[in-house]
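Student: Provide a 3D model corresponding to the input given below.
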Amino acid sequence: MRDFERILLLGTGPASVQLAVNVKSQLNCYLGIAGRESFRSSQFFSALKQSGSLVRASIQNEKHRSMKGECFVDKVFKGYETIQGEWDTIILTVTTDAYTEVIKQIDENILKQVRCIVLISPTFGSNSLISSYMRSLHSKAEIISLSTYFGDTRWMHDQPSNHVLTTAVKKKIYAGSTCYPSEKVGKLRNMYEHLGISLEVMKSPIEAETRNISLYVHPPLFMNDFSLNAIFEEADTRKYVYKMFPEGPITQYLIRDMLAQWKEIMKILEKINIESINLLKFMTDDNYAVHLESLSRQDIETFDRLESVHQEYLLYIRYASLLIDPFSEPDQDGRYFDFSAVPIRKIFINREGYLDIPRMPKEDYYRIKIIQGIAKHLHLDCPTIDQFIQTYESKLKAVTQSRKNQLLSQAFAVQNFKEDLNMIGSEIVKSVEV
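Tutor: Here you go, the predicted model:
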């Protein structure tokens, strides 16, 4: 069996649909999709059945036309425990905190045949977790970490279906593998380049994992009183992730905290001998660009050497410039696509009848707790990160206390992720000692 001949996507979110279209057309593979049974996934599975297993990806901006397309899914599995057959490659598109939970539901005999696992949007140490589990099965599978999913993809009509809309695409993604150099990473690089995305190969998985923009922007955007009230309270007015106050959480104080958190993470990277990141350059060159009329090239290039107040000013300009998609085509009234109008999702009742927390910030809680744990293993202080976690956990406790008579999912529990942190922390400490 050749590389990427039989690919199984784990997850039923918008990214999984977009990736299905891409890998089917670029790699000419036999394609399967598997997901857990839930209220949202049932809508996806139902739409997939009605369409005859056809999935579609549309685009907001014509320059992203390589993302547009449709394809038929060859095999669909409702529930990870129902997966059957031979799969040479597994692509994980589920939330980072669910990686090991999902993998452990798959039959071990099927996993042992897998030669490659691709982590689409991991966090610090995700590769170590999956590698460790696969080694326990005596598997020699190559584990590839990509820095993040390559774009902004949403359901076409705001509800799970077989049709998604990709509104933005990143310019660059980073990849690191347990094998270096890697032929499989080379093939992924060719696929990404065809999609107009540069895939930069790093020497280690954790190096790629530190290049995930969510690590730097999601905690300040979600772990604040404004966003948490929008998520957990019953207000009728909709709020938006990337909008300025009062439509969204972005204020000068949020920007200050975003900058402070970035500096704390840079201290961690310095300690483990990983090259630091120029935050503004990372945001604009590797993720979502703005016009040079908004941010000059000099400001972008010298950002990490400027005074804090200047850095805060530039970050604020960056978010103000992305209230609309600056590269979309204006309509007859001169209005551009409302790029920042990503609603802050509220708590919801899941299929099992439990009140649950949406992916953002549930996944970000896991990510930032892992970062905090790594800092502690390295004996580094991270007061801003500590404050984000305290704010979030205080909200969890308050909501749990006020909803004693309601069924709450495990996401409402204050967690330490001790098992994951011990494994990741020990691996990182070992790498520093080497």
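
Student: quick check, residue 184 in a strand?
Tutor: No: going by DSSP: H, G, I helix; E, B strand; the rest coil, the assignment for residue 184 is helix, not a strand.

Student: That one: what's it in contact with?
Tutor: Applying CB atoms under 8 Å, 6 or more residues apart in numbering to residue 184 gives the contacts 3-4, 116, 142, 144, 177. For the C-beta atoms, the positions are set from N, CA and C on the backbone; glycine is no exception.

Student: Need the max-distance pair from those.
Tutor: Spanning the widest gap among the contacts of residue 184 are 4 and 177, at 14.0 Å by CB to CB.

Student: Comparing these two, which residue is more hemmed in?
Tutor: residue 177 (25 against 22; other CB atoms under 10 Å).

Student: how close does that one get to residue 201?
Tutor: 8 Å (CB to CB, to the nearest Å).

Student: Overlap of the contact sets of those two?
Tutor: residue 185.

Student: Residue 133: what's it in contact with?
Tutor: 100, 103-104.

Student: Export the contacts of residue 184 as TSV, with columns for distance to residue 129.
Tutor: Output for these, formatted as TSV (distance: CB to CB, whole Å):
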residue	distance to residue 129
3	23
4	23
116	16
142	15
144	14
177	15
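
Student: What is the nearest of those to residue 410?
Tutor: For the contacts of residue 184, the residue nearest residue 410 by CB to CB is residue 144; the value is 29.0 Å.

Student: From residue 187, how far off is that closest one?
Tutor: 11 Å.

Student: Helix or strand: which one has residue 269?
Tutor: Here residue 269 sits within helix 252-271, counting by DSSP states H and E.

Student: can you check residue 167 too?
Tutor: Using DSSP H and E, residue 167 maps to strand 163-169.

Student: now what about that strand, what contacts it?
Tutor: Here strand 163-169 has contacts from 14, 17-18, 47, 55-61, 64, 67, 150-157, 195-197, 288, 325, 337, 339, using CB under 8 Å, 6+ apart.

Student: For burial, what's the neighbour tally of residue 98?
Tutor: Number of residues near residue 98 (other CB under 10 Å) recorded here: 17.

Student: Over to the one 5 residues further on?
Tutor: Applying other CB under 10 Å, we find 21 residues neighbouring residue 103.

Student: Tell me who's in contact with it.
Tutor: The contact partners of residue 103, by CB under 8 Å, 6+ apart, come to 92, 111, 130, 133.

Student: Make TSV out of those residues and add distance to residue 390, pLDDT and secondary structure.
Tutor: TSV is the format used below for those (distance: CB to CB, whole Å; pLDDT from 0 to 100; DSSP: H, G, I helix; E, B strand; the rest coil):
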residue	distance to residue 390	pLDDT	secondary structure
92	30	98	strand
111	38	97	helix
130	30	92	helix
133	31	89	helix
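
Student: which among the residues you listed gets closest to residue 232?
Tutor: Proximity of the contacts of residue 103 to residue 232 (CB to CB) peaks at residue 92, which lies at 28.3 Å.

Student: Does that closest one touch residue 11 like I think?
Tutor: Yes: if you go by CB atoms under 8 Å, residue 92 and residue 11 touch, sitting 6.9 Å apart.

Student: just to revisit the earlier point, looking at the contacts of residue 184, which one is closest to residue 249?
Tutor: residue 144 (33.8 Å).

Student: Pull the number of nearby residues for the closest one.
Tutor: Other residues close to residue 144 by other CB under 10 Å number 25.

Student: Then residue 119?
Tutor: Around residue 119 there are 27 other residues, counting by other CB under 10 Å.

Student: Show the pLDDT at it.
Tutor: Model confidence at residue 119, given as pLDDT, is 98.

Student: SS state for the residue nearest to it when sequence neighbours are not counted?
Tutor: In this structure, residue 119 finds its nearest non-sequential neighbour in residue 145, 4.9 Å apart by CB to CB, 6 or more residues apart in numbering. Using three-state DSSP, the structure places residue 145 in strand.

Student: quick one: the strands in this protein?
Tutor: For the chain, applying DSSP state E gives strands covering 6-10, 30-35, 54-59, 69-72, 75-78, 89-92, 116-119, 142-146, 151-155, 163-169, 172-177, 198-201, 348-349, 355-356.

Student: So among the contacts of strand 163-169, which ones count as buried?
Tutor: Buried members of the contacts of strand 163-169, counted by 16 or more other CB atoms under 10 Å: 14, 17-18, 47, 55-61, 64, 67, 150-153, 155-156, 195, 197, 288, 325, 337, 339.

Student: For ChimeraX, what selects the buried ones among the contacts of residue 103?
Tutor: Selecting the buried subset of the contacts of residue 103 in ChimeraX, with 16+ other CB under 10 Å as the burial test, is done by:
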select :92,111,130,133
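
Student: Relative to residue 95, how far out is the residue positioned nearest the centre of the chain?
Tutor: The chain has residue 121 as the residue nearest its centroid, 4.5 Å off, counting by CA atoms, centre = their mean. Note on residue 121: its distance to residue 95, by CB to CB, is 8 Å.

Student: repeat for residue 308
Tutor: 33 Å.

Student: follow-up on the earlier one: can you add distance to residue 383 and give the strands of the chain back as a markdown table?
Tutor: Output for these, formatted as a markdown table (distance: least, CB to CB, whole Å):
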| stretch | distance to residue 383 |
| --- | --- |
| strand 6-10 | 37 |
| strand 30-35 | 39 |
| strand 54-59 | 42 |
| strand 69-72 | 47 |
| strand 75-78 | 45 |
| strand 89-92 | 33 |
| strand 116-119 | 30 |
| strand 142-146 | 28 |
| strand 151-155 | 31 |
| strand 163-169 | 33 |
| strand 172-177 | 28 |
| strand 198-201 | 32 |
| strand 348-349 | 33 |
| strand 355-356 | 30 |
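
Student: mind checking which of those strands is nearest residue 376?
Tutor: Among the strands of the chain, strand 142-146 comes nearest to residue 376, with 22.6 Å by CB to CB.

Student: could you give the angle of that closest one to strand 172-177?
Tutor: 160 degrees (axes from the mean of the first three to the mean of the last three CA atoms, to 10 degrees).

Student: For the stretch 301-434 of the chain, which residues score under the pLDDT cut-off?
Tutor: 430-434 (pLDDT under 70).

Student: how about 90 then?
Tutor: 350-353, 359, 377, 418-434 (pLDDT under 90).

Student: In contact with the closest residue to residue 285 other than its chain neighbours, which residues?
Tutor: In this structure, residue 285 finds its nearest non-sequential neighbour in residue 171, 6.4 Å apart by CB to CB, 6+ apart. The contact partners of residue 171, taken as CB under 8 Å, 6+ apart, are 197-198, 285-287, 289.
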